[in-house]
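Colleague: output the structure for:
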Amino acid sequence: MTSKKIIRLLILLLIMPVYSFADSILVKDTAPEIYVVKKGDTLWDISNMYLEEPWQWPELWRTNVHITNPHLIYPGDELHLVKNEQGENVLEVVREIEKQEIKLSPEGVKSFKTREAIPALPWSVIKPYIENEMIMTQQAYDRHPHILGNQDGAVRYASDDLVLGKAGRRSKENLSIVRKQNELHDMEGNFIGLQVRHLASAKLVDANIGKQKLIKILKSNLEVKRGDKIIPAVNNEPDEIQLKAADAQRGHIIDDLEQHNLLGRFNVVVLDIGADQVSAGTIMGIYSQGPRIIDGKQPKYEGETDMIRSAFNQGDEISQPALKIGEVVVFKTFEKASYALITRSAKVIKRGMIVAKP
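Modeller: Numbers count the residues shown, from 1 in each chain. Next up is the predicted model:
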């Protein structure tokens, strides 16, 4: 084998069983005996392939001294589901370690490119929301400057257009142009914040034009209009996502980011739970609770029209149980709200549905 070839070492990382699956951890009958991790896989899909409750994935590695982070698995890893001497299901990993030589530094030090772990969630789905979308307070939104117009008297602007606006003092500051999409309120009607949409990236152009600033739109995702806000560009690196089940947290789905009425798997929703309660990777069940029932002579739903019903003959009020119909995974948090991805749904998901321990 020459030095130009890729060095491949097959290492059996688990010499002893990592975990004897207790009754609380259910391995699916359809779980594969051997699975090779591929580029494009997600940790959620793989854990869901093996477990009835995929958020228990970290528990499978708790006795494994070779795996320091169970959320980091790589393309090329082989997952082996085998039986130990006691006849219990255990998981082993065969890992192929690859390093590719890139170059020698002037000091003669070799640099290598290592493999990237597969993402926890489908990156192509959540990437736009992690990088661009945000929730702001009304005060923060109002204090940012806005687009005034341009020399042509146009009212809509796109990539490479020059527009006039007010901006920060730093002449080379990178900017984002954003617009309020809608207001967010919790289920009691309390204002939570403004859902703000990224429209375009921009930069200041050096020009002596007084108090206003000349701004060049670099790349627009949507048309920019007069009145749209100008904010400093935010480098939104994704939070480290580690899957874990919610415990005592409880909240509601209060909105979605695409203004759809019917929601399902891989739609992104807004929860009325902030960073003080959840973090990226928190898994929550979605629960649907039907309307209360008035158990009178003729049972009726609460709010059902009955012009002749007597206030003295309404009957008992019965609250229906909340039934689990899906799951979400939180991937971005703010002060009073968070973004979550629907990963399972047995019914259409709507505003007002409960999120709680899965």
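
Colleague: quick one: the strands in the stretch 1-150 of the chain?
Modeller: Along the stretch 1-150 of the chain, counting by DSSP state E, counting those that start in this stretch, strands occupy 7-12, 34-36, 78-83, 89-104, 110-113, 134-136, 147-149.

Colleague: mean pLDDT lowest for which of the ones you listed?
Modeller: Among the strands of the stretch 1-150 of the chain, strand 7-12 carries the lowest mean pLDDT, a mean of 34.

Colleague: dig out what M136 forms beta bridges with.
Modeller: Beta-bridge pairing for M136 (DSSP bridges): L194.

Colleague: roughly how far apart are it and E188?
Modeller: Taking CB to CB, to the nearest Å as the measure, M136 falls 21 Å from E188. Glycine gets a C-beta too; all of them are placed from N, C-alpha and C.

Colleague: higher neighbour count, those two?
Modeller: The residue with more neighbours, out of M136 and E188, is M136; 19 against 7, by other CB atoms under 10 Å.

Colleague: is G326 in a bridge, and if so with what?
Modeller: With DSSP bridges applied, G326 shows beta-bridge pairing to I286, S345.

Colleague: my guess is it contacts R344, does it?
Modeller: Yes - using CB atoms under 8 Å, G326 is in contact with R344, at 4.7 Å.

Colleague: higher neighbour count, the two?
Modeller: Per other CB under 10 Å, whichever of G326 and R344 has more neighbours is G326, with 23 against 17.

Colleague: so who does the more buried one touch?
Modeller: 285-286, 342-347, 349 (CB atoms under 8 Å, 6 or more residues apart in numbering).

Colleague: try it again at 7 Å.
Modeller: Listed by CB atoms under 7 Å, 6 or more residues apart in numbering, the contact partners of G326 are 286, 342, 344-346, 349.

Colleague: any weak-confidence spans in the protein?
Modeller: 1-25, 59-68, 70, 84, 86-90, 96-115, 167-172, 235-239, 259-262, 305-315 (pLDDT under 70).

Colleague: domains in it, by residue range?
Modeller: Domains of the chain are assigned by automatic domain parsing as 7-113, 129-232, 244-356.

Colleague: which stretches in the protein count as helices?
Modeller: 43-50, 123-131, 138-143 (DSSP state H).

Colleague: and of those, who's closest to I354?
Modeller: Taking CB to CB, helix 43-50 is the member of the helices of the chain nearest to I354, at 21.5 Å.

Colleague: how about the closest one as PDB, C-alpha atoms only?
Modeller: Below are the C-alpha coordinates for helix 43-50, written out as PDB (Å, rounded to 0.1, in the frame of the first residue of the first chain):
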ATOM      1  CA  LEU A  43     -29.500  10.000  13.300                       C
ATOM      2  CA  TRP A  44     -33.200  10.300  13.800                       C
ATOM      3  CA  ASP A  45     -34.000   7.900  10.900                       C
ATOM      4  CA  ILE A  46     -31.400   5.300  12.000                       C
ATOM      5  CA  SER A  47     -32.600   5.400  15.700                       C
ATOM      6  CA  ASN A  48     -36.100   5.100  14.500                       C
ATOM      7  CA  MET A  49     -35.100   2.100  12.400                       C
ATOM      8  CA  TYR A  50     -34.000   0.200  15.500                       C
END
